[in-house]
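Trainee: give me a model of this one.
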Amino acid sequence: MPELLRASHARPWADCDTDADRLDVFNGLLLAAHLDAAFDSGLIAVAPDGAVMASSRLSPSTLATLGLSGPRRINGLLPAHEPFLAWHRARVWEG
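Mentor: I've put the predicted structure just below:
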């Protein structure tokens, strides 16, 4: 349902140096609202191969509630996404 989806940014707008980075489509992911919140707060990240990585702060029961108790992957990523995802893993994710 589109109403439950959010445009999430790997590099938050406030941390972008230019408008070009803010508006770069490869800085964005389409995520369910609860996953957008987890991504923004560093509780999940995305590996170069699209695998969703969960923070060690998330308990098994929380992972299950979020629908992340098994392997998950973001589909449709292109190489141009990786610089933004790498920035997120280095500066936001709380592995």
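Trainee: straight-line length of stretch 65-76, end to end?
Mentor: 25 Å (C-alpha to C-alpha, to the nearest Å).
Trainee: who's in contact with it?
Mentor: Applying C-beta atoms under 8 Å, 6 or more residues apart in numbering, the contact partners of stretch 65-76 are 29, 34-35, 38, 44, 46, 49-52, 54, 58, 60, 63. Glycine gets a C-beta too; all of them are placed from N, C-alpha and C.
Trainee: in ChimeraX, how would I select the buried members of these?
Mentor: Remark: buried members of these, expressed as a ChimeraX selection using 16 or more other C-beta atoms under 10 Å:
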select :29,35,38,44,46,52,54,58,63
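Trainee: can you add distance to Glu82 and give the contacts of stretch 65-76 back as JSON lines?
Mentor: JSON lines is the format used below for those (distance: C-beta to C-beta, whole Å):
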{"residue": "Leu29", "distance to Glu82": "12"}
{"residue": "His34", "distance to Glu82": "24"}
{"residue": "Leu35", "distance to Glu82": "19"}
{"residue": "Ala38", "distance to Glu82": "20"}
{"residue": "Ile44", "distance to Glu82": "17"}
{"residue": "Val46", "distance to Glu82": "9"}
{"residue": "Asp49", "distance to Glu82": "10"}
{"residue": "Gly50", "distance to Glu82": "10"}
{"residue": "Ala51", "distance to Glu82": "13"}
{"residue": "Val52", "distance to Glu82": "15"}
{"residue": "Ala54", "distance to Glu82": "19"}
{"residue": "Leu58", "distance to Glu82": "24"}
{"residue": "Pro60", "distance to Glu82": "29"}
{"residue": "Leu63", "distance to Glu82": "25"}
